[in-house]
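>>> A structural model of the following input is requested.
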Amino acid sequence: MERRCMGCMELYEETLERCPHCGYVHGTPAKEAYHILPGSLLAGRYIVGQVLGFGGFGVTYIGYDQVLQQKVAIKEYLPSDFATRMPQQEDVTIYSGEKEEQFLAGREKFVEEARRLAKFQSQPGIVQIYDCFETNRTAYIIMEYLDGISLKEKLERDGAMTVEESMPVIMAVIGALKSVHAAGILHRDISPDNIYLLKNGRTKLLDFGAARFATTKHSRSLSVIIKPGFAPVEQYRSRGDQGPWTDVYALAATFYNMLTGQVPEDAMERAAQDTLKEPSKLGVKISPSLEAALMNALNVQIENRTKTINRFEQDLAASNVKRVAEKKRREDLGKWPVWVKVLIGVGIAAVTGLAVALVALPQRVLTPSAPTTEAGKSRVPNLVNLSFDDARKLAEEAGLAVLIGDKDYDDQVPENKVLRQEIKHGELAEAGTTVHLTISAGIRKTYVPNVIGMEAGAAKALLDEAGLIPVEEEQEYRAAPGTVAEQSMEPETECTTGTEIKILISKGIGGGDASKTLAMADLTGKDYEEAAQLLLQDYLYLVKGEARYDDSVPEGGIISQEIPAGTMVNQNSNIRVAVSLGKELIRVPDLQYKTEAEATELLSAAGLEASAVREASRDVAAGSVIRQEQEAGSQVEKGSAVTFVVSTGAPKETQRETTAARQTPARPPETAAQTPAAPVETTAAPTTAQTTTADNGNDDLLRLLEEHDQHNR
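Predicted coordinates:
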């Protein structure tokens, strides 16, 4: 008689105690008490074997499908913060109260994600999903069993890879990401341990969305296992603007790791001081263009990073990619504390678990003693993320003044909030000192280009250049095949970078006789849309080959045509034309809070004239722009003068008030000796999952992380 091994699902003689294929000993208990017993049956067909892996979100077992007679992987939804399994039981035990609500919501996401990914069975780079069902009060996904090793294991075993060895792996992952990104799914956890190299030479990307299932109401920013070196900065923040660019960074970090054998520096450390070396400087043989493509995708700031996986693919294949330099921050953002990075790095995925771990930290971490200040000195408060009015009040309470000195785009700090402060939080300054602030302009804005009539490739390139994400759809339409017939947002609409723009690609209308010829009409001066409809009557398709400014031809009018009038053309031909954008108009740049010299330079670069007037201001630093007459983003004719108001500094009355403040030093804050800090309440660490309590742990953790983030801006 033969028995099936619960370690590898191969058959062997039952007289043998140990499987000859994998060494598994029959009767070996589950690794943990809450794991399903090996040999259990799910849904009447799936035999559960030993555990392949487990973490804060669930457990993965090797399995065997008795119907299809094949090995499978069985993923069980079992977030340890919200549920457990009692020994010898099949049903899971769900914790009561809010945790039950969170467990049920996560289970629904788990099943929903599986169903969405099941639609990508034709994509060879994505693990196939065979089944998804609920039983034992939880949910299961039956997936393709992979025979091979992870990329992480290969790198640990064999060391760094060459460009030629790495590219097939990276391109396979790109193929998988292109499919899921188009469907609105992000991975958010790409790293070498989630890329699997099969024995048959294929590459698979694992764990799509795995870390999103067990989110809590207070843990959105840490609902993914953050892997230092592979996670971009936006994944560390509760308001992180995540999108396709998040996966681009992680894949580029993985590529870098493959080529150099080194994990890139943590993104937060790079934001403070970027010392990441190009692969070529580490001895890697790589072309300048490919290296530029890789490093552009590894840029810390989203606005400087490669935005889409399609663009990353194009850049990797190109031969003339230029390096996009990062815009340097003016101050050191500071490093994250070691205790936070250690907790994140070891993959403690459940935020409640992190919060429980935090209460065991030394009390000084959570409740630092108030520092003593010297006479005549003030300790600078944390002003980041405050409105200017609130920042001024807080500064005045500390005996300090504030002035706005600059404005900058940022994808985390909301518009019109303090983005940076010249003197860091916690430093000592003379009473009455003025702290210069940089105000956030919010996420960088862009304007939707008009791509209707353009060929799909050119349209996507133009949208990509504008910082937008093109999403294609095809259908029959009265327009040239392969050209854009519709776009989801009107041309010139203002939106944030990273916005998705749906473009409808025409398949044409069919009909016509390619052997039939007719004389080409004269289209110059005609409106593009009207001419397109006129040509369609003769089964000719108009294509917008070029769009340029022209003072003599109204916007939308045809300037020239590729095929001269009178030339005989066949039906179903594409007729390329140049279309007028009308008289050239220039978008007025945002000058607010720039220095007069910077504002003048911005206007000159845009082909505009500068006209400055002056005015006193108690809010804006002398020499910086208070406001501008022509609104930023508005369009004016080339050569127009743009008027802006430059601050001459505070009015005389305000200057006298500031002098008085310097003469009256701020009262130093009370020290810890004067007012002892109240003891921190702590909860003993639970011995089992059932007794875990961390009612406000998630809030505490996010507060600590965000306070640290603010402090180091």
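>>> low-confidence ranges in the stretch 301-450 of the chain?
For the stretch 301-450 of the chain, the stretches with pLDDT under 70 are 327-374.
>>> any chance you could map the helices in it?
309-317, 338-345, 351-358, 363-366, 388-397 (DSSP state H, counting those that start in this stretch).
>>> Buried residues in the first one, which are they?
Within helix 309-317, the residues scored as buried using 16 or more other C-beta atoms under 10 Å are Ile309, Asn310, Arg311, Phe312, Glu313, Gln314, Asp315, Leu316. Every C-beta, even on glycine, is put in place using the N, C-alpha and C of the backbone.
>>> other SSEs contacting that helix?
In terms of contacts (3 or more C-beta pairs under 8 Å, 6 or more residues apart in numbering; DSSP states H and E), helix 309-317 is packed against helix 163-182, helix 244-260, helix 288-297, helix 456-465.
>>> So what would you say the end-to-end distance of stretch 72-92 is?
From its first residue to its last, stretch 72-92 covers 22 Å (C-alpha to C-alpha, to the nearest Å).
>>> what do you get for stretch 612-621?
16 Å.
>>> just how off-centre is stretch 72-81 within its chain?
Offset of stretch 72-81 from its chain centre (C-alpha atoms, centre = their mean, to the nearest Å): 26 Å.
>>> Near Leu419, how many other residues are there?
Applying other C-beta atoms under 10 Å, we find 25 residues neighbouring Leu419.
>>> Report the rounded mean pLDDT for the helix or strand harbouring Gly106.
Using DSSP states H and E, the element containing Gly106 is helix 98-117. The average pLDDT within helix 98-117 is 86.
>>> May I have that helix as PDB, with CA atoms only?
Extracted C-alpha coordinates of helix 98-117, given in PDB (Å, rounded to 0.1, in the frame of the first residue of the first chain):
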ATOM      1  CA  GLU A  98     -14.200  45.600  16.800                       C
ATOM      2  CA  LYS A  99     -11.700  42.800  16.000                       C
ATOM      3  CA  GLU A 100     -14.500  40.700  14.600                       C
ATOM      4  CA  GLU A 101     -15.600  43.500  12.400                       C
ATOM      5  CA  GLN A 102     -12.100  43.900  11.100                       C
ATOM      6  CA  PHE A 103     -11.700  40.200  10.600                       C
ATOM      7  CA  LEU A 104     -14.800  40.000   8.500                       C
ATOM      8  CA  ALA A 105     -13.900  43.000   6.400                       C
ATOM      9  CA  GLY A 106     -10.400  41.500   5.800                       C
ATOM     10  CA  ARG A 107     -11.900  38.200   4.800                       C
ATOM     11  CA  GLU A 108     -14.100  39.900   2.200                       C
ATOM     12  CA  LYS A 109     -11.100  41.600   0.700                       C
ATOM     13  CA  PHE A 110      -9.100  38.400   0.700                       C
ATOM     14  CA  VAL A 111     -11.800  36.600  -1.400                       C
ATOM     15  CA  GLU A 112     -12.400  39.700  -3.600                       C
ATOM     16  CA  GLU A 113      -8.700  40.000  -4.400                       C
ATOM     17  CA  ALA A 114      -8.500  36.300  -5.300                       C
ATOM     18  CA  ARG A 115     -11.400  36.600  -7.700                       C
ATOM     19  CA  ARG A 116      -9.800  39.700  -9.300                       C
ATOM     20  CA  LEU A 117      -6.500  37.900  -9.800                       C
END
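>>> would you list the buried residues of helix 309-317 in TSV and tack on distance to Leu428?
Converted to TSV, these look like this (distance: C-beta to C-beta, whole Å):
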residue	distance to Leu428
Ile309	48
Asn310	51
Arg311	47
Phe312	46
Glu313	52
Gln314	52
Asp315	47
Leu316	50
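>>> Can you tell me which of those is nearest Leu462?
Checking the buried residues of helix 309-317 against Leu462 by C-beta to C-beta gives Arg311 as the nearest, at 12.2 Å.
>>> Let's verify Gln235: helix, strand, or coil?
helix (DSSP: H, G, I helix; E, B strand; the rest coil).
>>> For it, report the pLDDT, please.
85.
>>> Wait, it touches Lys227, no?
No: in this structure Gln235 lies outside contact range of Lys227 using C-beta atoms under 8 Å: 9.2 Å.
>>> ok, Ser604 - contacts?
Ala610 (C-beta atoms under 8 Å, 6 or more residues apart in numbering).
>>> Show me what counts as buried in the helix or strand containing it.
Assigned by DSSP H and E, Ser604 belongs to helix 596-605. Residues of helix 596-605 classed as buried: Glu596, Glu598, Ala599, Thr600, Leu602, Leu603 (neighbour count, 16+ other C-beta under 10 Å).
>>> Looking at those, which is nearest Val380?
For these, the nearest to Val380 is Glu598 (25.8 Å; C-beta to C-beta).
>>> Test for you: state the pLDDT assigned to the closest one.
92.
>>> do Val180 as well
The score at Val180 is 86. That number is its pLDDT.
>>> For Gln123, see how far away it is.
Between Val180 and Gln123 the computed distance is 8 Å (C-beta to C-beta, to the nearest Å).
>>> and what of Tyr236?
30 Å.
>>> The two: which has the busier surroundings?
Between Tyr236 and Gln123, counted using other C-beta under 10 Å, the more crowded position is Tyr236 (23 against 18).
>>> Assess the claim that the more buried one and Asp266 are in contact.
No: at 9.1 Å, Tyr236 does not count as touching Asp266 under the criterion of C-beta under 8 Å.
>>> Next, count neighbours for Asp207.
20.
>>> How about Ala441?
Ala441, neighbours per other C-beta under 10 Å, totals 20.
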